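Asks: Here is my input; please provide its structure:
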Amino acid sequence: MGVKFYIALFDAWIVKIYIIDNGGQWTHREWRVLRYLKVDAKIIPNTTSFDSIADADGIILSGGSPNVAADMDAMGNNGEYLNNFEGPIFGICAGMQFISTHFGGILGEGTVPEFGKVDLKITDHDGLFKDIPGEIAVWASHNDEVKEVPKDFVVSAFSKDCAVEGIRHKTRPIYGVQFHPEVEHTEYGVKMFENFLEAVRSFKN
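Replies: Sure, this is the predicted structure:
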């Protein structure tokens, strides 16, 4: 192991990611994935002020209960983070739904709520889905879904029963997925986190 290896390892650890806890059952799995990837990760309540997390290199908006994003009070200061944080943001499940509504999208009850294995079709391989096959299996848990995507976002993935499984902002490093990449049942889930970290390091440099 040479000097370059240790420099790369040190660089990985100095990346700071705050995971905003929106009450999701798998939030700690997000933390574990990031720690596995040698990232300085910390879970914080969604009532934390923006000033307290302004030193982050990236932010993850965690999932919540199946329809928590429709309850703005339950999402705490997520809107403040989106308004003020300029770095990469990754919304998972309810986190993605909140991103969509915050920027002018529309939520609604899913025609077929998804709980369990979902066959995902990826249409945009920029950002989170870089170097990931076009069709993979993921794990979902939601009643509501995004019915109308905000004008500044593109749809990056869909499934048979949900037209918006992934989104990406056209100009800002903001990404979202309706499913849960942090659970082991999701194929290439760790790779999605790695792609997010790549965006974080690119923005940081």
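Asks: tell me the SS of the closest residue in space to residue 126 that isn't next to it in sequence?
Replies: Among residues not flanking residue 126 along the chain, residue 168 sits closest, at 6.4 Å (CB to CB, 6 or more residues apart in numbering). Just so you know, the C-beta spots here come from the backbone N, C-alpha and C atoms, and that holds for glycine as well. Reduced to three states with DSSP: H, G, I helix; E, B strand; the rest coil, the structure at residue 168 is strand.
Asks: So which residues of the protein form helices?
Replies: Per DSSP state H, the chain carries helices over the ranges 3-13, 27-36, 78-84, 94-102, 189-204.
Asks: Pick the most deeply packed of those helices.
Replies: Neighbour counts (mean count of other CB atoms under 10 Å) averaged over each of the helices of the chain peak at helix 94-102, with a mean of 26.
Asks: what helices or strands is that helix leaning on?
Replies: Judged by 3 or more CB pairs under 8 Å, 6 or more residues apart in numbering; DSSP states H and E, helix 94-102 is in contact with strand 58-61, helix 78-84, strand 89-92, strand 106-122, strand 135-148, strand 166-169, strand 174-177.
Asks: For the longest one, which strands pair with it and how are they oriented?
Replies: The one in question is strand 106-122. strand 135-148 (antiparallel), strand 153-158 (antiparallel) (DSSP bridges).
Asks: ditto for the first one
Replies: Sheet pairing of strand 58-61 (DSSP bridges) gives strand 16-21 (parallel), strand 89-92 (parallel).
Asks: do the last one as well
Replies: Strand partners for strand 174-177, identified by DSSP bridges, are recorded as strand 89-92 (parallel), strand 166-169 (antiparallel).
Asks: How far off centre is the last one?
Replies: For strand 166-169, the gap between its own C-alpha mean and the chain's C-alpha mean amounts to 10 Å (CA atoms, centre = their mean, to the nearest Å).
Asks: Now tabulate the strands paired with strand 174-177 in a markdown table and tack on distance to residue 45, mean neighbour count and mean pLDDT.
Replies: A markdown table is the format used below for the strands paired with strand 174-177 (distance: least, CB to CB, whole Å; neighbours: other CB atoms under 10 Å; pLDDT from 0 to 100):
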| stretch | distance to residue 45 | mean neighbour count | mean pLDDT |
| --- | --- | --- | --- |
| strand 89-92 | 16 | 28 | 97 |
| strand 166-169 | 25 | 23 | 98 |
